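Trainee: Below are the sequence and a predicted model for it; my questions follow.
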Amino acid sequence: MHISSLDTPALLVDLDKTEANLDRAANYVRSHGLLLRPHTKTHKSPLIARMQLDRGAAGLTVAKVGEAEVIARDGVPNLLLAYPVWGDAKWHRLVEVAKRLPVTVALDSAEAASGLSRHAQRAGITLGILVEADLGMRRCGLPPGEGLVRLAQAISAMGGLRLEGLMFYPGHINLAAEAGEQQLETLRSELRAVIESFRTSGLPTDVVSGGSTPTLFQSHTIEGITEIRPGTYVFNDRTQVAAGACTWQDCAVTVLVTVVSTPRPDAAVIDGGSKTFTSDPLRPGGDGCFGRVVEMPSARFHKMNEEHGLLDLREHAGPPPRIGQRLRIIPNHVCVTVNMHETARGLRGETVQQSWPVAGRGKLQ
Ligand SMILES: Cc1ncc(COP(=O)(O)O)c(C=O)c1O
């Protein structure tokens with residue numbers, strides 16, 4: 001099928017670019033002796049997960065139990081749930097997943113650990129646990145220090161759990177920003193100290209799980225790290241370009257839209273708004289735009305309603321867009337954009353080679 005036969009808005013995945021992104025990361029981890037447990041939150045699809053595993057990924061990462069249920073297909077070696085999952089309903093479902101394949105959970109409280117311990121023991125299984133350290137992100141995770149060691153010691157004594165090591169997320173580090181290298185250096189020294197405190201306390205550091213897309217190719221400079229969990233690297237987006245993590249050429253996902261109105265000479269309306277792209281701004285800083293129009297990069301995609309996207313054409317020098325014209329847009333934040341779409345279309349050039357359901361979309365519980 002040719003791309004022109006697709007109705008819009010449509011989520012397009014350039015398969016050549018996707019494969020190149022996956023190969024680059026797979027080659028990198030192989031050459032540095034690291035493991036890759038990619039975060040599947042970006043693609044939410046068993047099909048892309050299979051492409052990651054075929055290139056040597058050691059396992060897969062999810063945030064939600066619902067995602068775990070979708071991703072845990074035959075042949076998946078293990079799952080890391082990198083989220084402090086809470087509550088009997090979720091612990092019960094997670095244990096059901098863990099009966100089919102090894103599951104590790106990253107968490108930062110004895111309360112969450114003891115809930116999991118109870119459910120795991122009742123089911124007669126063992127769950128792996130990573131304790132989450134906060135190395136600058138200021139989201140979840142305990143700061144380096146005694147509290148972290150005490151939590152790890154408490155978990156070591158809980159039935160049904162096997163402490164495997166540590167997890168951290170360096171999501172605060174943007175290496176294109178002035179502060180980026182300093183933040184990375186601080187993280188290196190904090191991680192060194194945390195690993196040392198675990199070793200001197202006899203706690204395991206078999207798994208030290210880190211990684212993000214902006215820091216992906218710096219992971220080998222972080223001593224002690226054993227595996228990384230980038231997610232966005234598979235597709236990339238406008239934010240990753242701004243962070244210096246990739247180029248426009250590496251952006252594998254675009255949203256195909258149609259111009260539905262040209263009400264003023266300096267404006268065009270496309271058939272996708274916040275229910276197609278989400279309202280995520282460009283991070284960090286923000287430039288007031290919601291995506292890059294591939295065919296006319298100087299058009300500013302500056303405003304959205306739910307189903308309308310407004311292009312400001314004042315700086316656009318070429319021919320104005322026509323009603324019915326198709327445009328492709330690189331979103332600000334690809335992970336949340338993918339989550340808005342039921343179906344992804346895999347392209348080779350202009351040919352739609354395959355379509356697949358975004359099976360994990362909306363799996364928020
Ligand atoms: C815990 C955790 N690990 C890994 C990732 C992947 O990071 P990135 O989106 O930079 O690839 C995320 C992203 O949100 C995350 O929250």
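Mentor: Perfect, thanks for sending it.
Trainee: How many neighbouring residues does the spatially closest residue to Val103 that is not a sequence neighbour have?
Mentor: Closest residue to Val103 apart from its sequence neighbours, by C-beta to C-beta, 6 or more residues apart in numbering: Leu79 at 5.1 Å. For the C-beta atoms, the positions are set from N, CA and C on the backbone; glycine is no exception. For Leu79, the neighbour count with other C-beta atoms under 10 Å is 26.
Trainee: what is Leu79 paired to in the beta sheet?
Mentor: Beta-bridge pairing for Leu79 (DSSP bridges): Leu60, Val103.
Trainee: which residues touch it?
Mentor: Contacts for Leu79 (C-beta atoms under 8 Å, 6 or more residues apart in numbering) come out as Gly59, Leu60, Thr61, Val62, Ala68, Ile71, Ala72, Val97, Leu101, Pro102, Val103, Thr104.
Trainee: Phi, psi for Gln249 please.
Mentor: Phi and psi for Gln249, reported as degrees, to the nearest 10, are phi -60, psi -20.
Trainee: burial measure for it, as a count.
Mentor: Neighbourhood size, Gln249 [other C-beta under 10 Å]: 11.
Trainee: Could you do Val131 as well?
Mentor: Using other C-beta under 10 Å, Val131 is surrounded by 27 other residues.
Trainee: Name the nearest residue to it, sequence neighbours excluded.
Mentor: Using C-beta to C-beta, 6+ apart and skipping residues adjacent in sequence, the residue nearest Val131 is Ala152, 4.9 Å away.
Trainee: any idea which element the one you found lies in?
Mentor: Secondary-structure assignment from DSSP states H and E places Ala152 in helix 146-156.
Trainee: For that helix, give the mean pLDDT please.
Mentor: Mean pLDDT, computed over helix 146-156, is 98.
Trainee: quick one on the thing from earlier: can you put the contacts of Leu79 in CSV and add pLDDT and distance to the ligand?
Mentor: Shown next, in CSV, are the contacts of Leu79 (pLDDT from 0 to 100; distance: C-beta to the nearest ligand atom, whole Å):
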residue, pLDDT, distance to the ligand
Gly59, 98, 13
Leu60, 98, 11
Thr61, 98, 6
Val62, 98, 10
Ala68, 98, 14
Ile71, 98, 14
Ala72, 97, 18
Val97, 98, 18
Leu101, 98, 19
Pro102, 98, 18
Val103, 98, 15
Thr104, 99, 13
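Trainee: could you flag which of those residues are buried?
Mentor: Neighbour counting with 16 or more other C-beta atoms under 10 Å marks Gly59, Leu60, Thr61, Val62, Ala68, Ile71, Ala72, Val97, Leu101, Pro102, Val103, Thr104 as buried within these.
Trainee: quick check, nearest of those to Gly160?
Mentor: Nearest to Gly160 among these is Val103, at 11.8 Å by C-beta to C-beta.
Trainee: for the chain, longest strand please?
Mentor: Ranked by residue count and defined by DSSP state E, the top strand of the chain is strand 253-264.
Trainee: ok, then the element right after it?
Mentor: Where DSSP H and E defines the elements, the next helix or strand beyond strand 253-264 is strand 267-270.
Trainee: what does that following strand contact?
Mentor: Residues outside strand 267-270 that contact it (C-beta under 8 Å, 6+ apart): 257-263, 299, 301, 308-313, 320-321, 327, 329.
Trainee: Just the buried subset of the residues you listed, written out for PyMOL, thanks.
Mentor: Buried subset of the contacts of strand 267-270, written as a PyMOL selection, criterion 16+ other C-beta under 10 Å:
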select buried, resi 257+258+259+260+262+299+301+308+309+310+311+312+313+320+321+327+329
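Trainee: What is the burial count for Gly75?
Mentor: The number of residues packed near Gly75 is 10, by other C-beta under 10 Å.
Trainee: measure it to the ligand for me?
Mentor: 22 Å (C-beta to the nearest ligand atom, to the nearest Å).
Trainee: you'd agree that residue is in a helix?
Mentor: No: counting by DSSP: H, G, I helix; E, B strand; the rest coil, Gly75 is not part of a helix but coil.
Trainee: Surely it is in contact with Asp54?
Mentor: No: assessed by C-beta atoms under 8 Å, Gly75 is found out of contact with Asp54, at 9.7 Å.
Trainee: Next, the buried residues of stretch 230-249.
Mentor: For stretch 230-249, by 16+ other C-beta under 10 Å, it's 230-243, 245-246.
Trainee: just stretch 293-308 next, same as before
Mentor: By neighbour count on 16+ other C-beta under 10 Å, the buried set for stretch 293-308 is Val293, Met296, Ala299, Arg300, Phe301, Lys303, Met304, His308.
Trainee: Name the residues that touch the longest helix seen in the chain?
Mentor: Across the chain, the longest stretch assigned as helix under DSSP state H is helix 180-200. Helix 180-200 is contacted by residues 133, 135-136, 144-145, 148-149, 152, 165-166, 168, 170, 172-175, 204-205, 208, 210, 214-215, 218, 221-225 when judged by C-beta under 8 Å, 6+ apart.
Trainee: Can you give the domain ranges for this protein?
Mentor: Domain ranges of the chain: 3-9+245-357, 16-235, per automatic domain parsing.
Trainee: Those domains into JSON lines, with extra columns for distance to Leu364?
Mentor: Formatted as JSON lines, these follow (distance: least, C-beta to C-beta, whole Å):
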{"stretch": "domain 3-9+245-357", "distance to Leu364": "9"}
{"stretch": "domain 16-235", "distance to Leu364": "6"}
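Trainee: Three-state assignment for Gly346, please.
Mentor: Put simply, Gly346 is strand when judged by three-state DSSP.
Trainee: Please determine how far it is located from the ligand.
Mentor: The gap separating Gly346 from the ligand is 21 Å, by C-beta to the nearest ligand atom.
Trainee: try Ile222
Mentor: Per C-beta to the nearest ligand atom, Ile222 is found 14 Å from the ligand.
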